[in-house]
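*Asks:* just the structure for this:
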Amino acid sequence: MYLPVCYEDSYQDTLAWIIKFTELRGGCTVIENAGGYYLSQSNQTIDERVSLIYSDFPMSWAKRGERKEVLEYCSELRAFMLRNLWEEAILIAAYPVSHTAV
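*Replies:* Predicted coordinates for the structure are as follows:
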């Protein structure tokens, strides 16, 4: 997830909630204050700082039910963020990753 760095309570509360939620599934990595450059709906380039939040959940992407659960979660999280943050768009990416042991 890409969450704009903003010191409004709703942004801080959202980041804290996302971190707390991912702890239930093993945790997450947060890269704070990264550069973000986006094209707005009005064709303006927006330069803002963002927190990148990465989390992986043990599941099988090949299993339709598990994939559906992840995609529904992403959709619900996106809707929550659009309702509670002052953003015209929210990007949440989900894709399969393979872990290998060295």
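
*Asks:* where does the chain have low pLDDT?
*Replies:* Residue ranges of the chain with pLDDT under 70: 101-102.

*Asks:* kindly list the longest helix within it.
*Replies:* Using DSSP state H, we find that the single longest helix of the chain is helix 64-84.

*Asks:* can you list the buried residues in it?
*Replies:* Across helix 64-84, burial judged by 16 or more other CB atoms under 10 Å covers 77, 81. Where C-beta positions appear, they are placed from N, C-alpha and C, glycine not excepted.

*Asks:* same for it, what does it pack against?
*Replies:* The helices and strands touching helix 64-84, judged by 3 or more CB pairs under 8 Å, 6 or more residues apart in numbering; DSSP states H and E, are helix 9-23.

*Asks:* and the helix it packs on, which residues are buried?
*Replies:* For helix 9-23, the neighbour count (16+ other CB under 10 Å) marks 11, 14, 15, 18, 22 as buried.

*Asks:* nearest to residue 97, out of those residues: which one, please.
*Replies:* Ranked by distance to residue 97 (CB to CB), those are led by residue 22 at 14.7 Å.

*Asks:* ok, now which ones touch the closest one?
*Replies:* 28, 53, 55 (CB atoms under 8 Å, 6 or more residues apart in numbering).

*Asks:* burial of residue 5, as a residue count?
*Replies:* 15 (other CB atoms under 10 Å).

*Asks:* Provide a list of residues in contact with it.
*Replies:* Applying CB under 8 Å, 6+ apart, the residues near residue 5 are 11, 32, 33, 48, 49, 50, 51.

*Asks:* among the residues you listed, the buried ones, what's the PyMOL command?
*Replies:* The following PyMOL line selects those of these that are buried, judged by 16+ other CB under 10 Å:
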select buried, resi 11+50+51
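
*Asks:* for the contacts of residue 5, give me a markdown table that also has distance to residue 62 and secondary structure.
*Replies:* Shown next, in a markdown table, are the contacts of residue 5 (distance: CB to CB, whole Å; DSSP: H, G, I helix; E, B strand; the rest coil):
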| residue | distance to residue 62 | secondary structure |
| --- | --- | --- |
| 11 | 36 | helix |
| 32 | 34 | strand |
| 33 | 36 | strand |
| 48 | 37 | strand |
| 49 | 37 | strand |
| 50 | 31 | strand |
| 51 | 31 | strand |
